[in-house]
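**Student:** Using only what follows, build the 3D model:
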Amino acid sequence: MVNKFETTRLTILLPAGRLLLPVMAKANEVAQQYNLEVYLSTAQNLRLMGIKEEDVADIKAALAAVGAEFKAPGKFPVPRVCIGKRDCTMGVGDPERISRLILDKFGSRPMTKPKFKIAVAGCILSCAGVMTTDIGIVATRKGLDIYVGGKGGPHPNVARRIVRDTDEQTMLKVIGELVEFHDAHTPKKQRMFKLLEHPEFPYKDAV
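**Tutor:** Numbering: from 1, shown residues only. Model prediction:
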């Protein structure tokens, strides 16, 4: 039996929480072939657990062949989303579309610093955890509200709303400003809430 401390894991990114059927089939195949565990993470990604180091390259190649992308240092975070208006009676927005816009704009950004997360909610109930996320987007009947500085953990912090009733292009502009500010004022990794009181933070006041 392989000791769990002698193995590693592989995280497959699932934009908007969508697991494509070819990726699901291949993940099931390699999990059975290599006797792995499958874990659906709270970040809406799929993780294969218990991989021997010597098998990592072969498993990645098999999954990449069907379109899988993998979590790696420096990658822009995939937003966590709720199901949205298509499948929820409360939904007024389309988090999948918003997530896609964000990843199309920033997904190829080189070496984004770690330790910040993004969430997108299709209504004000914020089931995606927007209020405890570094950057949160909430769809309302009037547009998009943007929140910043939320976090969970043993000492949670509720996010501050910095923009309300805006459009998609302004949302992308604000996210870009926040990401650049995070990069410029973070030596290695740091949650966004620690930067809220910085004298140069671009959105000082809640709205």
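
**Student:** ok now do residue 133, which residues does it touch?
**Tutor:** 80, 117, 118, 119, 147, 150, 151, 159 (Cβ atoms under 8 Å, 6 or more residues apart in numbering). Placement of C-beta: from N, CA and C, glycine included.

**Student:** Give me the nearest residue to it, chain neighbours excluded.
**Tutor:** In space, and not counting its chain neighbours, residue 133 is closest to residue 119: 4.0 Å by Cβ to Cβ, 6 or more residues apart in numbering.

**Student:** quick one: what helix or strand has that neighbour in it?
**Tutor:** Using DSSP states H and E, residue 119 sits within strand 118-121.

**Student:** Quick check, residue 19 in contact with residue 46.
**Tutor:** Yes - assessed by Cβ atoms under 8 Å, residue 19 is found in contact with residue 46 at 6.3 Å.

**Student:** More neighbours: which of those two?
**Tutor:** The neighbour comparison of residue 19 against residue 46 (other Cβ atoms under 10 Å) goes to residue 46, with 20 against 14.

**Student:** Once you drop chain neighbours, what's closest to that one?
**Tutor:** Per Cβ to Cβ, 6+ apart, closest to residue 46 is residue 12, 4.4 Å.

**Student:** what's the average pLDDT for stretch 142-154?
**Tutor:** Averaging pLDDT along stretch 142-154 gives 96.

**Student:** can you pull the buried residues of the longest helix seen in the chain?
**Tutor:** Ranked by number of residues, the top helix in the chain under DSSP state H is helix 168-184. Judged by neighbour count (16 or more other Cβ atoms under 10 Å), helix 168-184 contains these buried residues: 171, 172, 174, 175, 178, 179, 181, 182.

**Student:** Determine how far it lies from the middle of the whole chain.
**Tutor:** Here helix 168-184 shows a centroid-to-chain-centroid distance of 15 Å under the convention Cα atoms, centre = their mean, to the nearest Å.

**Student:** Can you tell me how far residue 110 is from residue 190?
**Tutor:** 19 Å (Cβ to Cβ, to the nearest Å).

**Student:** swap that for residue 61, please
**Tutor:** Applying Cβ to Cβ, the value for residue 61 to residue 190 is 34 Å.

**Student:** For the residue lying closest to residue 130 once chain neighbours are set aside, pull up the helix or strand it's in.
**Tutor:** Nearest residue to residue 130, sequence neighbours excluded (Cβ to Cβ, 6+ apart): residue 136, at 3.2 Å. Assessed by DSSP H and E, residue 136 sits inside strand 135-140.

**Student:** what angle separates that strand from helix 168-184?
**Tutor:** Taking axes from the mean of the first three to the mean of the last three Cα atoms, to 10 degrees, one finds that strand 135-140 is oriented at 170 degrees with respect to helix 168-184.

**Student:** Thanks a lot, catch you later.
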